[in-house]
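Visitor: whatever this is, show me its structure:
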Amino acid sequence: MKEENAEQLLNDEQLFQEPENFVTEQDLKDQEKLLDLKVEKETKIKEFLVDYVGEVFKPENDEVTVSMIIDTMAEEFPEFVLALAQENWIRGYHQGLVDVEEGLRLKHGISIDELEE
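Guide: Modelled structure (predicted):
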């Protein structure tokens, strides 16, 4: 692989083209919809969470949403939410590094076998 400095890579427009799985505005709207979903008491833990969060929020329509549960967990059990957030961040960061490596590999036409040598 030929040597390139960071500035050359940053100026390479091809490197920063939107990937097919880029997060779109619609994806963010869909995420908001997920947070607003009513949680059904389908399992024992969901039943417990819905009942508990319902007592905390006292929603007028008696519907507990995913967002309400997250807010309650963040307030009352921050260690749990932090552990999930850290794991998610680490996985996302790792995936970002893998994506950059793959992009550079494709850009320079290097096969996986050559990369492992």
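Visitor: all contacts plus neighbour counts: C-alpha atoms, from now on.
Guide: Noted.
Visitor: got any ranges where this structure has weak pLDDT?
Guide: 1-23, 112-117 (pLDDT under 70).
Visitor: so what are the domain limits for it?
Guide: Here the domain assignment for the chain is 26-76, 78-117, based on automatic domain parsing.
Visitor: mean neighbour count, those domains: which tops it?
Guide: Greatest average neighbour count among the domains of the chain goes to domain 26-76 (a mean of 14), per mean count of other Cα atoms under 10 Å.
Visitor: helices of the chain, start to end?
Guide: 6-10, 25-35, 44-57, 66-76, 78-107, 112-116 (DSSP state H).
Visitor: contacts for the second one?
Guide: The set of residues external to helix 25-35 that reach it, using Cα atoms under 8 Å, 6 or more residues apart in numbering, is T65, V66, S67.
Visitor: turn those residues into a markdown table, including distance to E40.
Guide: Formatted as a markdown table, the contacts of helix 25-35 follow (distance: Cα to Cα, whole Å):
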| residue | distance to E40 |
| --- | --- |
| T65 | 9 |
| V66 | 10 |
| S67 | 14 |
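Visitor: closest one of those residues to V53?
Guide: T65 (9.1 Å; Cα to Cα).
Visitor: list the contacts of the closest one.
Guide: L35, D36, L37, K38, V39.
Visitor: swap in T72?
Guide: V53, V56.
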